[in-house]
Structure formats: structure tokens, C-alpha cells
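# heads up, no residue letters with this:
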């Protein structure tokens, strides 16, 4: 018998490790799930081969429930040659180095969702979730036939109601405090309501019938309890796991995040063409109000810059995605972090 998402969280801790592309890997996902919470893969740009490989490895490491997440890429008009030229000239003007080569990308500009899902139909993870929009109806139907629960990110009530009407099983309510990409359906973000995590949660629990997972700025046990007490079925936490031993980032990246605690976070569309939150650095400052290509074209042309910065340990030109509460990050293995969160939840309840 297939378990509903409500039934799933009766038997595990109500914590989902967020599906962060470039951070999540089989070791982190397995460590989280084996610790009684739920690990997630962020398969945003992943190839079919990579998805098969990761799912095969994780199923050798854990039999516990996992989540797999995908972007909903929308067909857009390809930028004109003059648009590409303008965007590239802006990147070339940045005071990092003149040795980075920028080029106009060739199609395909993003992975095909139907192909990415082939490994999912074979391995049947317990949760299948989507960011940036609602998947096609036949995808939802097939997931249900195979026993999976389907969820979609919402940043406002209008998106949440559209999600509920689509027939999926739950909503991930992403508040403005969350790190990484905003899950707005509109790629431009022009009508983003920018609701806080708790205000969004209260709005959705008042108007939606399906379960809500709360996300954004949740770092400690008291934050988890606050979400649960306001109607969330569970919480989704990303930034809290960035410095876990198992996270798929270099030790230099993790050191950089921990060393930047005097900096605030900020939203930028300069890296990808979509609004995303990270630790404020020179790139974010210099790209403020600059011309950028729509997503995913901006993401494609900044790839060489991000790779150069990462290779040279230059934090000023990397996308240091993190939520507004990143200064509370702890450096712990995933199992110890989850144990600490559970302890905090219990202690907060006894106060």
C-alpha cells in the first residue's frame, strides 16, 4: 500500500533536507534519511546518466524515504545576438580577469524533463517535487500510479491554489528568507509577493486543503516547532546542511561561508537570470541593476565565470547561495545535526 505524505511523516522526523543543486549527493541524502529525516536530491540540470548513478548509489546506502527535485524549464524566445553581446560585455567588464572566455550557448539550453524522469520511474523515490512551476498532468498521474507523492514549490497564495488544483499531494511554501532560487512561476519575479516564511505558511494553511511543507530561514528546533504549530506538516531546510561533512561542496567553499558572517545576504538575478539569494559579494554588488539575459541563458553564459572563480577560490565571483539565517550554520555531520535539531525541538517544547 502506498503511503501518503501525511503517513510518511508519522514515521519519520518532520525535516526534509532541501534539494540543493550542486550540494546534494548520495552520501548526504543517505546520511539524512538514515538519521530519521528525509534527504533530497536537487536534479535541476543533471543528466540522465548522473540521475541513474546517484539513485543507484543512494539505494545502496539507504532504504529510507528520499525526495527528488526537478526544475520546470519553460520555453523562451532565444536572446538576440545583440542581447548576448550586451550581456557578455557586462561580464567582460567585471574586475576579475580578462582570461575568461564567454560564448553564445548552443541548444539544448536545458535538460528535457521527460528524459530526466526516466530513472525516477525505475527507482520510484517516495517524493517527487518540482521548482518554478507545475509539471505536466501525465507526469503527476504516472508518479501516482507508481506510488510517489508529488509536491510543488509556491511563493504565494495564487501559486499554491494553482498547485492544489493540479492534483498534486502537497505544497512546499517558500518564504523570502530561503536561500537559492525563488520558486516563483514567473521567471522575472516582477510580481513576487516576497512573503516571509511564517506569513506565507499562515496564508496557505488558511486557504489550502493539501499539506504544506514550510521552507525559508529554518535553522533551529524552535523554528521547526513554530512552523509545525502554525499548521505545517514538516519543514524543508537547506542552508542548515551546507556545512555538513557530506555536502557536495569543497572544504574551501564551506570555509568561505563560515568566514563571511559579517556579510548580509542579497537577491541577485545576475548569475542565472532568475532571482536567487546568497551571501553578498562583489559580483552581486556590481551586477545590481545591470542588463541580464532571461533564465536559463544568463546561467549558461556565466558558467565560465563561476568555474574560474571556484577553481581559483575567489568567493567574490561565486554564487554563495544561502538563506538569511546562514550565520547560524553549524559544522556537523548530517546525523549529528539532525540529532541536535531533534533535541532542540524537545527542549523548546518543555520551556
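Nice, thanks for sending it over. Predicted, not measured: the structure shown is a model, and the values here were computed from it.
# Next, residue 291: secondary structure please.
Counting by DSSP: H, G, I helix; E, B strand; the rest coil, the backbone at residue 291 sits in coil.
# How many residues are close by residue 49?
9 (other CB atoms under 10 Å). Where you see a C-beta, it was placed from the backbone N, CA and C, and this is true even at glycine.
# That one belongs to a helix, doesn't it?
Yes: the assignment for residue 49 is a helix, going by three-state DSSP.
# Now do it against residue 121, distance only.
To residue 121, residue 49 is 16 Å away according to CB to CB, to the nearest Å.
# Also residue 35?
Counting by CB to CB, the gap from residue 35 to residue 121 is 28 Å.
# okay, these two: which has more neighbours?
For residue 35 versus residue 121, the count of surrounding residues by other CB under 10 Å is larger for residue 35: 24 against 14.
# what residues are up against that one?
The neighbours of residue 35, taking CB atoms under 8 Å, 6 or more residues apart in numbering as the test, are 13, 334, 335, 338, 339.
# For residue 99, give me its contacts.
residue 308.
# Residue 257 is in contact with residue 279, correct?
Yes: using CB atoms under 8 Å, residue 279 is in contact with residue 257, at 6.8 Å.
# so how far is the helix or strand where residue 255 lies from its chain's centroid?
Element membership for residue 255 (DSSP states H and E) is helix 251-259. Centre-to-centre, helix 251-259 and its host chain are 19 Å apart (CA atoms, centre = their mean, to the nearest Å).
# which parts of it are buried?
Within helix 251-259, the residues that qualify as buried are 253, 254, 256, 257, counting by 16 or more other CB atoms under 10 Å.
# next one: stretch 109-125
110, 111, 116, 117, 119, 120, 123, 124, 125.
# Quick one: those residues as TSV, columns for pLDDT, distance to residue 295 and secondary structure too.
Output for the buried residues of stretch 109-125, formatted as TSV (pLDDT from 0 to 100; distance: CB to CB, whole Å; DSSP: H, G, I helix; E, B strand; the rest coil):
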residue	pLDDT	distance to residue 295	secondary structure
110	96	9	coil
111	97	14	coil
116	99	17	helix
117	99	21	coil
119	99	24	helix
120	99	23	helix
123	98	28	helix
124	98	30	coil
125	98	26	coil
